[in-house]
Structures are given as structure tokens and as C-alpha cells.
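Novice: Structural data only, the sequence is not supplied:
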């Protein structure tokens, strides 16, 4: 994991003293142009895929990291998937993948919230924690992530993550995922159909079952 890429576009990361210098009787210097994260990610893609340039995964990752540090919420997710699936001849690194999923999740990237929750649930690259997994699944579910709704329902059904066992709550979460097309949630509702009929009258008709 080449995390020491501070030499890749240090704009806006330093020179605090320069920014604090007062120019009382002089015209202030023109502000530095804002770095383009789109350009960074395009350059990263060129290095990763060898588009018009010799492939260099290390530089590709470095430019993605620079894009992340300058506000691209999707860049950290891309880095995580590269490490998770060994893309672009980068070795699998589950610890780096979990780290970057977490970075993307804390920046508001919904898919990364679900991915990081799975890392926590499975103890993959991080210490296993159902409690923290539930927290991130819930955050993702509240943002409309389909399978995260299923995962929250599963935790209610299995009394995990510090939750009390509740088929009623499980059914409600499964239903949220089912109406968004999740097949696993549909199967779960059928399995808990006796509860579903009470909690959600007409659920089967609503889902064309």
C-alpha cells in the first residue's frame, strides 16, 4: 500500500504560513486554481489501464488517493475495489481494502458503507464487530441501499449486533428491500409469511406474489 504519495499534487495541503501573510497595502495574489479531481481520476485511469502511457499501478493509485484527498468521494471506493479484487495487477490486500472502504464510507459513499459493514461483519481486514456492522448497514439502508436493508433485517431475525430478536422488525426491513427488487428479501418474507401477513397485510399482492 503506497500511502506515502504526498508528493503527488500537494496543492492546498501546505503553505499555511503563506496564506496567513497579510498584505495590507498590496494587492493580494490571485488564488491558486482548485485542483481538478476529474483530471486526477482520468490520469489515474491512464496509468492503471496503460492508456497512451506505460501502465504504472502505483502512480494510478497515487492519483486516485490525491483525488480522494481533494474531495472525490468515489476515488476511495475505486482504490478499495482495486485492493479487494486484485485489479490492474495490484496484489490483494484486505486490510487496505477495508481501510479505503472506510475512508469512502465516512465521506458519504453509500456503496462503501455497505462494503465496510460487510468487512466488519466478516472480520475481513478489520476486527469483527456485529455492532459496528449494524451501524454501517443501517446508515447505508437509510440512504436507499437495497441489500443493506436485508442485512439489517437478518440481524433482527438472528438477534445480532446487540439487537433483540424480532421477526416483526426483520419483516419490515426485508419488505423495504423486497420492494426494491431484492430476491433474498423476498425469500425471507415467504419464510416468515405468518408474521408478514400480520405485520404487512397484503404484502404478497403488493409484490405480485
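Specialist: Yep, that arrived. Since this is a predicted model, take the numbers as computed values, not measurements.
Novice: Counting neighbours, what do you get for residue 44?
Specialist: Applying other CB atoms under 10 Å, we find 26 residues neighbouring residue 44. Where C-beta positions appear, they are placed from N, C-alpha and C, glycine not excepted.
Novice: Pull up the gap between it and residue 109, please.
Specialist: 17 Å (CB to CB, to the nearest Å).
Novice: what's the answer for residue 35, then?
Specialist: Separation of residue 35 from residue 109 (CB to CB) stands at 20 Å.
Novice: Check residue 160 too.
Specialist: Remark: distance between residue 160 and residue 109 (CB to CB) = 25 Å.
Novice: tell me which element residue 172 falls in.
Specialist: If you go by DSSP states H and E, residue 172 is part of helix 167-178.
Novice: Now do the contacts for the closest residue to residue 182 other than its chain neighbours.
Specialist: Spatial nearest neighbour of residue 182, excluding adjacent residues (CB to CB, 6 or more residues apart in numbering): residue 146 at 5.0 Å. Each residue near residue 146 by CB atoms under 8 Å, 6 or more residues apart in numbering is listed here: 177, 180-182.
Novice: Can you list which of the residues you listed are found in helices?
Specialist: Among those, the members found in helices (DSSP state H) are residue 177.
Novice: before we move on, the earlier item: just checking, what packs against the helix holding residue 172?
Specialist: helix 146-158, helix 183-191, helix 193-199 (3 or more CB pairs under 8 Å, 6 or more residues apart in numbering; DSSP states H and E).
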